Structure formats: structure tokens, C-alpha cells
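# return atomic coordinates for the entry below.
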Amino acid sequence: MSTLTLAIVIAFVAGYACIALESFTKVNKAAIALLMFVVCWTFFMLDPSQYMGDLAGGEISQAVSVIIERHLGETATTLFFLMGAMTIVEVVDQNGGFNFVRRALRTTSKRRLMWRIAFLTFFMSAVLDNLTTSIVMIMLLRKLVADHEDRLIYAALVVISSNSGGAFSPIGDVTTIMLWNSGFVSTMGVIGQLLLPSLVSMLIPAFIMQSWFKGDLLIAGVAPEQATEDLSEVERQTVFLVGVGGLIFVPIFHSLTELPPFMGILLALGLVWVTTEFFYGRKRLRTKVSSKKRVTYLLSRIDMATILFFLGILMAVGCLQEVGVLSIMGDWLNDVSGGNHYLVTGIIGIVSSIVDNVPLVAGCMGMYPIAMMGDMAVDGIFWQLLAYCAGVGGSMLIIGSAAGVVVMGLEKITFGWYLKKITWVALVGYFAGMFTFWLMRTFIF
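Purely as a prediction, here's the structure:
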């Protein structure tokens with residue numbers, strides 16, 4: 001590893017440490033992430049020739065610009081998907097679309113609410129994806145749980161359940177989508193072999209966390225349903241069907257058109273926007289409608305700090321990818337594991353809680369081509385484990401998954417609190433799921 005590459009790694013590690021210590025430094029993680037992103041690429045530009053090959057000065061500058069713009073484009077697809085999903089969920093929620101879900105969750109028992117959240121989040125994330133499901137559940141929790149400390153624990157369970165639920169579905173997590181679209185796993189293969197391990201990785205942490213809840217929820221902690229004077233029941237149900245139906249249609253749209261998923265989410269947002277504008281436009285002569293429930297207002301409420309944090313983290317990881325650090329890590333894993341797939345994917349899952357799992361999975365897909373038969377074949381042990389570990393492993397740290405980052409921003413969860421209270425719980429569930437997978441592959445499949 002060259003001195004310049006080492007400097008880039010040090011800059012990334014130092015930035016990551018500052019993000020982890022946000023509760024002590026009192027500096028917003030988004031600011032650190034942006035600095036980390038710019039510093040890493042600035043180091044890269046000090047001597048780009050060692051990474052770009054034999055190119056003239058002007059050609060190197062142009063080539064680096066192309067590389068940065070490519071990473072920015074890939075990052076922007078995630079950011080637009082995030083903004084679109086957050087807006088759709090907010091629109092549906094503000095217009096009473098999730099009232100029936102809130103009724104299903106409503107209870108005075110803290111533990112009963114915990115189990116309902118766990119199972120509902122787990123199965124919703126398999127359909128809506130873990131990111132969207134996390135946004136929905138946090139929005140609902142805000143209306144059901146008044147005590148902030150209790151809500152933090154519920155929110156942590158949402159992160160664990162959504163990541164576990166997304167791992168067994170071909171459309172539940174971005175890394176599983178990558179493996180599925182590239183033909184490394186099949187729909188029935190990933191569902192049949194990962195449903196039980198993923199369920200175990202959610203159930204074990206839930207059993208541990210239920211002892212943290214004692215007594216009943218305060219009646220005051222249960223918020224009334226969304227006001228209904230603006231839209232009729234039929235109109236609210238229509239908004240729900242268009243919004244949630246649009247989210248479900250995103251992976252179908254991607255499969256049919258092969259366009260990036262963010263375009264599907266923007267299509268869904270456009271349909272929700274037109275639908276709500278049509279409903280409110282008809283009511284202008286009949287009633288005074290609150291402008292705070294319309295898309296134009298809700299767009300202004302997007303958490304830009306979270307968006308910029310995503311931008312900084314993903315672009316910094318892109319720099320690590322360009323200098324070959326991720327490839328070096330993959331080669332090292334091969335050497336130290338001696339071909340043990342459980343060890344390799346287990347480590348990848350733990351690392352995915354530190355850095356973005358997308359480039360890690362992409363690197364594995366490039367390093368290990370599909371074989372005709374054996375562990376590396378379609379639906380082989382390696383690819384199934386990779387789908388599980390990359391998805392569930394992100395629960396170990398609050399910034400280890402898109403769902404975690406969003407929940408972190410929405411509920412203001414600190415890195416230190418999650419590390420102290422939740423990491424060990426998620427780790428137990430992670431290894432319990434891997435053990436379940438080993439039992440299944442050894443004695444059943």
C-alpha cells in the first residue's frame with residue numbers, strides 16, 4: 001500500500017471515528033462526512049497517476065472527473081430514491097393512509113407493541129424494502145409512543161427487523177437485488193433458504209429486548225388518528241393504494257424497463273403528487289384545506305442533513321474503491337479464510353456494518369464468478385450467505401445500513417447509544433441466523 005493510499009485510509013478512519021464520537025464532539029455527522037469525502041478525493045488528486053496508469057496530465061484530470069461523476073451518479077440514485085420514498089411515506093401518513101396500520105399496532109402493553117412492531121416490520125420490509133419500511137414504522141411510532149427512551153429501543157428493533165426481513169427477499173435489500181438481478185441467486189432459492197435464518201436473526205434480539213420493557217404505555221402516548229376533515233375515507237384509501245402500490249411496483253418497474261430503481265420511485269412520487277393535487281383541487285370551493293398536507297410543503301421537510309451524510313459516506317467509500325482498498329480486503333479475506341465460506345461472508349457482514357455493503361457485495365461479485373456447480377453456483381452456499389450477511393450484518397452499527405442511517409436521522413439516535421445498547425444484541429442474532437443456515441444446509445438441503 002502506497003503512502004498516498006495509506007493517507008486516504010487514515011482520513012477515512014479519522015472521519016469515521018469523528019462520526020462515531022458525534023455525541024462527544026457535538027459536531028453533526030453530515031459535516032464530518034462531507035469533509036471526509038472531499039479530503040479523501042483531494043489526497044487522490046495529489047498523485048492520481050499511480051491509480052490511473054500512463055496518461056498525460058490533461059487526460060488524467062479528465063479521467064478523474066469522469067470517475068468522480070460516475071460515483072456521484074451512483075450516489076445520486078440512492079439519494080433520489082431516499083428522498084422519493086421519504087416523501088411518499090410522509091404524504092400517505094399525513095393524509096391518514098396508515099391509520100389502519102396504526103390501529104393494528106395499537107395496544108397499551110409495551111411488550112405486545114414490541115412484538116407487533118417486530119413482525120410487521122420484518123414482513124413489510126420484504127415487500128417494501130428495508131429502507132421504506134423503516135421510514136413507515138418510525139412515522140407510526142412517533143404517534144404511538146410518547147416516551148423518547150422507549151421509542152429509541154423500538155426504533156432500534158425496527159432497524160434489526162427491517163434488515164433481517166430485507167435479507168430473505170429478492171427485492172427487500174439493495175444488495176439482494178444486486179445478486180438477484182445478476183443471476184447469482186434465484187427468487188425461490190433466496191426465499192426458501194434465507195427465510196428461517198433471517199427470522200431467527202430478528203427473533204433472538206427481540207427476545208432479549210423484551211425484558212427491557214416493563215409495564216404499560218401511557219394512554220397519552222397513543223396519538224389520535226390523522227384528522228379526516230380534509231379527505232374522505234375513500235380518498236385516503238386511494239392515496240394509500242397509490243403510494244404503497246407505487247413503492248411495491250418499483251422493483252417490477254425496474255425488472256420490466258431495466259431503468260434505475262430511483263426512476264421507479266420518482267414515478268410513484270409523481271402519481272401520488274398528481275392524485276393528492278386532484279383531490280385537494282376539487283375541495284378548494286368546498287372547504288379550507290391545510291396546505292401542510294400537500295406535497296409542495298412536505299418536500300421542504302426532507303432531512304437534508306441525512307441526505308448530505310449519505311452523500312459524504314458513499315463518495316468517500318467510492319474513493320476507497322478506486323484506490324483498490326476494497327479489493328485488497330477481499331484478497332486478504334481469501335488468504336486468511338482458507339476457503340471457508342462461513343468465515344469470509346461472516347467477516348464481510350461485520351465489515352458491512354462499518355462501510356457501505358453495496359461496494360463490498362459488488363467487489364465479491366467481481367472477485368468470485370458464478371460456477372457451474374458447487375458452493376459458487378447459482379443459489380450456492382457462498383451467494384446465499386453473502387445475501388444474508390450483507391443484509392443482516394448492517395444492523396450491528398446504526399450507520400451500517402440505509403435503514404439505520406434513516407432511523408438515526410429521524411429519531412436522533414447517537415452512534416454511541418446504539419453501540420452500547422444494541423450492537424451486542426444484533427451480533428447475537430446475526431450469528432444465530434448463520435448457525436441456523438448451517439443447520440439447514442447440513443441436515444436439510
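
# these two touch, right, residue 309 and residue 30?
Yes. With contact defined as CB atoms under 8 Å, residue 309 counts as touching residue 30 (4.1 Å). Just so you know, the C-beta spots here come from the backbone N, C-alpha and C atoms, and that holds for glycine as well.

# surely residue 164 and residue 194 touch.
No. Taking contacts as CB under 8 Å, residue 164 lies outside contact range of residue 194: 9.6 Å.

# show me which of these two is the more surrounded one.
residue 164 (36 against 28; other CB atoms under 10 Å).

# which other helices and strands contact the one helix or strand that one maps to?
For residue 164, the element it lies in under DSSP states H and E is helix 148-167. On a contact count with 3 or more CB pairs under 8 Å, 6 or more residues apart in numbering; DSSP states H and E, helix 148-167 meets helix 110-128, helix 130-144, helix 187-209, helix 381-392, helix 402-411, helix 415-421, helix 423-443.

# just want the angle from the following helix or strand past that helix to helix 187-209.
Later in the chain than helix 148-167, the nearest helix or strand by DSSP H and E is helix 174-181. Relative orientation of helix 174-181 and helix 187-209, computed by axes from the mean of the first three to the mean of the last three CA atoms, to 10 degrees: 160 degrees.

# list the buried residues for helix 174-181?
Residues of helix 174-181 classed as buried: 174, 175, 176, 177, 178, 179, 180 (neighbour count, 16 or more other CB atoms under 10 Å).

# how far does it sit from its chain's centre?
Centre-to-centre, helix 174-181 and its host chain are 13 Å apart (CA atoms, centre = their mean, to the nearest Å).

# repeat that for stretch 426-437.
19 Å.

# so how far is residue 437 from the closest residue to residue 433 other than its chain neighbours?
Distance criterion CB to CB, 6 or more residues apart in numbering; nearest residue to residue 433, sequence neighbours excluded, is residue 201 at 3.4 Å. Using CB to CB, to the nearest Å, we find residue 201 at a distance of 10 Å from residue 437.

# give me the common contacts of the two.
Common contacts of residue 201 and residue 437 (CB atoms under 8 Å, 6 or more residues apart in numbering): residue 388.

# neighbour count for those two, which is higher?
residue 201 (33 against 25).

# was I right about the more buried one contacting residue 430?
Yes. The pair residue 201 and residue 430 qualifies as a contact (CB under 8 Å) at a distance of 5.9 Å.

# and for those two, which residues touch both?
392, 395.

# looking at the buried residues of helix 174-181, which one is closest to residue 66?
Closest approach between those and residue 66, by CB to CB: residue 178, at 22.8 Å.

# how many neighbouring residues does the residue nearest to that closest one when sequence neighbours are not counted have?
Distance criterion CB to CB, 6+ apart; nearest residue to residue 178, sequence neighbours excluded, is residue 361 at 5.8 Å. Per other CB under 10 Å, the neighbour tally for residue 361 reads 26.

# again, but for residue 18
Neighbours of residue 18 (other CB under 10 Å): 18.

# residue 423 - nearest residue in space that isn't next to it in sequence?
residue 396 (5.4 Å).

# on that earlier part again, secondary structure element for the residue nearest to residue 178?
Using DSSP H and E, residue 361 falls in helix 357-367.

# still on that earlier bit, so what's the residue nearest to residue 433 up against?
Here residue 201 is in contact with 160, 164, 167, 388, 392, 395, 429, 430, 432, 433 (criterion: CB under 8 Å, 6+ apart).

# and it, how far is that from residue 280?
Applying CB to CB to residue 201 and residue 280 gives a distance of 43 Å.

# pull out the buried positions in stretch 254-268.
254, 260, 261, 262, 263, 264, 265, 266, 267, 268.

# residue 243 is in contact with the last one, correct?
Yes. With contacts defined as CB under 8 Å, residue 268 counts as touching residue 243 at a distance of 7.1 Å.

# between the two, what contacts are shared?
residue 88.

# just checking, residue 345 is part of a strand?
No. Counting by DSSP: H, G, I helix; E, B strand; the rest coil, residue 345 is not found in a strand; it is helix.

# state the distance from it to residue 27.
Distance from residue 345 to residue 27, by CB to CB: 35 Å.

# those two: who's more crowded?
residue 345 (27 against 13).

# what sits against the closest residue in space to residue 172 that isn't next to it in sequence?
Excluding the flanking residues, the one nearest residue 172 by CB to CB, 6+ apart is residue 166, at 3.3 Å. Shown in contact with residue 166 (CB under 8 Å, 6+ apart): 125, 126, 129, 130, 133, 172, 173, 176, 391, 403.
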